[in-house]
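**Q** how would this look folded up:
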Amino acid sequence: MKIPLLTLSLLAACGSVHAASLCDDLHPATPPYERDFAYSVAPQMAMKRAPAGAVGAVAPAPQAEAAANDAVAQFGIGGTVITTPENTEKYAHQDINPVQRTADNPVSTFSIDIDAGSYSNVRRMIEKENRLPPTDAVRIEEITNYFAYHYPLPTDGKPFAVHTETVASPWKADAQLIRIGVQAADLDPGKRPPANLVFLIDTSGSMDAPDKLPLVQKTVCHFAEALRPDDHISLITYSGFTKELLPPTAGSEKTKIVDALKTLYADGSTAGGEALRMAYDAAKKHYRADGINRILLATDGDFNVGISDPEALKTYVAEQKKSGISLTTLGYGSGNYNDQLMEQLADAGDGNYSYIDSLDEAKKVLVRQLTSTLATVAQDLKIQVEFNPATVKEYRLVGYENRVLRQEDFNNDKVDAGDIGAGMNATALYEIIPQGKPGWLDESRYQKAAAAQGKTDEYGWLKLRYKKPGASDSQLLEFAIPAHSIPLAEASEATRFAVAAASYAQALKGGAQNGNLDWDGILRLAQAAKGDDPYGERAGLLTLIEKAKSLAAGK
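**A** Here you go, the predicted structure:
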């Protein structure tokens, strides 16, 4: 197995041996008015701390500082006392893709998607909250695409390579699964274009929780540690008002960046819409024609001041991307989390969406995958499959419900689609019923299907359209999908683990598409395909499957 260059170059920094970091002691500052209050009651607290025989009400400076900290703790100042709000998390509803009869509708078209936010968000609910997720929080393609499959890299100079494999489906007798794997070209981190980055940080009152602003601080800090000297980062914060916390600063000035992060505290309402305007203005002001220009938005998505209508926000972001500035969204927290908005803003802004539920996840997205997150190798990547009615009776696309396109959108270069970063991979699955096998749909009583004519050595014809970064015209790639299938147990490790991940996701959505494959069967699939797992991510899925099984059983 070949591990991407960007992973190898960062292995030492992100491995099991922990090196001292400027980020280790980061935590939110106490809001000024709260610190003033703390010091107003500090004399009384100091008397309690003063040693026996002390004279007067004023303690020495160290004791006064400790007394103020006592006041902060006692009165719940600075975020130490957290009230859990009513759960108002928002998720977009999408119906499962329907089964299609090839004779009626042979063409399937969708946009690629490399987002993985659904996986870590669902993980948070299962691991930390001991509950199964709402079905709308589960996006099958994002759970499948959370993992690296290390498909063979392109060797012909193109930005990505495409690989297919067809195997027996574990979900339905006589059905087959076609796995489509897209592997982006790798890029040496040292050859990545320099970056103009604006980190837009939500510091509103809703971010006052351990899994929100404190985690954001450490996220940005570790991200800054991975930047090169020719990169520049700006920090903009927003709550009831928006301000530039740090002007464009070279990636070599780590201490300056960390010192700015130390001043952050959560307070006020959330003027997210106005903050986006300021972030785009800053990115335009320092635009690098020879580099990467990107905004990274860190928030729980609870916009409640200024532009707060989701459609207006998406329209604004979609318009701004025309200036060559992309938007990555990083979601945090629970209770009021707006997954729907975070995913859709990233889609509109030609960026990617991740949910950060832990420091390990932050390092995965913004350190180990730094080059993948920042450097795009192909834009507006669309996939279209024309199924052969002579060999395929019925089919269904597994996941990608909110990425489905019309057939005519495939050739329309004005229609937006997903981008793919350096070294990333994307996976899609189709479940098909070969001709002559019993399918999901009854035969029509009045319209008997005519005997299909044509090639019998192909299941279908696969087409991909993409644009080189910054280009306006797309390029086309085409491949045949051979009418050949193998037992799942004989398939590649990548295909077997992708099927296990998709099975887990389908089970979380109710399991109707999994047939007789139960939690134990899913676990066996994942265990058999775990393979090399340097960061424990695949082992993490095994743990989630076991925990989900227990939760589903009501234990």
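**Q** how close does the closest residue to residue 117 other than its chain neighbours get to residue 207?
**A** Counting by Cβ to Cβ, 6 or more residues apart in numbering, residue 117 lies nearest to residue 355, which is 4.1 Å off, once chain neighbours are set aside. The way it works is simple: take the backbone N, C-alpha and C, and place the C-beta from them, glycine included. When Cβ to Cβ, to the nearest Å is the yardstick, residue 355 and residue 207 sit 15 Å from each other.
**Q** tell me what the helix or strand containing residue 363 is packed against?
**A** For residue 363, the element it lies in under DSSP states H and E is helix 359-363. The contact analysis (3 or more Cβ pairs under 8 Å, 6 or more residues apart in numbering; DSSP states H and E) places helix 359-363 against helix 213-225.
**Q** how about the helix it packs on as PDB, C-alpha atoms only?
**A** What follows is helix 213-225, C-alpha atoms only, in PDB (Å, rounded to 0.1, in the frame of the first residue of the first chain):
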ATOM      1  CA  LEU A 213     -14.200  27.700  21.700                       C
ATOM      2  CA  PRO A 214     -11.500  25.800  23.600                       C
ATOM      3  CA  LEU A 215     -11.400  23.200  20.900                       C
ATOM      4  CA  VAL A 216     -11.400  25.900  18.200                       C
ATOM      5  CA  GLN A 217      -8.400  27.600  19.800                       C
ATOM      6  CA  LYS A 218      -6.400  24.300  19.800                       C
ATOM      7  CA  THR A 219      -7.600  23.600  16.200                       C
ATOM      8  CA  VAL A 220      -6.300  26.900  14.900                       C
ATOM      9  CA  CYS A 221      -3.100  26.600  16.900                       C
ATOM     10  CA  HIS A 222      -2.100  23.200  15.500                       C
ATOM     11  CA  PHE A 223      -3.100  24.400  12.100                       C
ATOM     12  CA  ALA A 224      -0.800  27.400  12.500                       C
ATOM     13  CA  GLU A 225       2.000  25.100  13.600                       C
END
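**Q** now for it, which elements pack on it?
**A** The contact analysis (3+ Cβ pairs under 8 Å, 6+ apart) places helix 213-225 against strand 195-202, helix 254-261, strand 292-299, helix 359-363.
**Q** Point me to the residue sitting closest to the centre of the chain.
**A** Of all residues in the chain, the one closest to the mean position by Cα atoms, centre = their mean is residue 354, 2.6 Å from it.
**Q** Can you spell out which residues form a bridge with it?
**A** residue 330 (DSSP bridges).
**Q** quick one: it and residue 372 touch, right?
**A** No: applying Cβ atoms under 8 Å, one finds residue 354 not in contact with residue 372, separated by 11.2 Å.
**Q** picking that back up, please produce a markdown table containing the helices and strands packed on helix 213-225, extended by mean pLDDT.
**A** Formatted as a markdown table, the helices and strands packed on helix 213-225 follow (pLDDT from 0 to 100):
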| stretch | mean pLDDT |
| --- | --- |
| strand 195-202 | 97 |
| helix 254-261 | 97 |
| strand 292-299 | 97 |
| helix 359-363 | 97 |
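**Q** Format the ones you listed as JSON lines; extra columns: mean neighbour count and distance to residue 186.
**A** Below are the helices and strands packed on helix 213-225 laid out as JSON lines (neighbours: other Cβ atoms under 10 Å; distance: least, Cβ to Cβ, whole Å):
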{"stretch": "strand 195-202", "mean neighbour count": "25", "distance to residue 186": "18"}
{"stretch": "helix 254-261", "mean neighbour count": "17", "distance to residue 186": "27"}
{"stretch": "strand 292-299", "mean neighbour count": "25", "distance to residue 186": "17"}
{"stretch": "helix 359-363", "mean neighbour count": "20", "distance to residue 186": "20"}
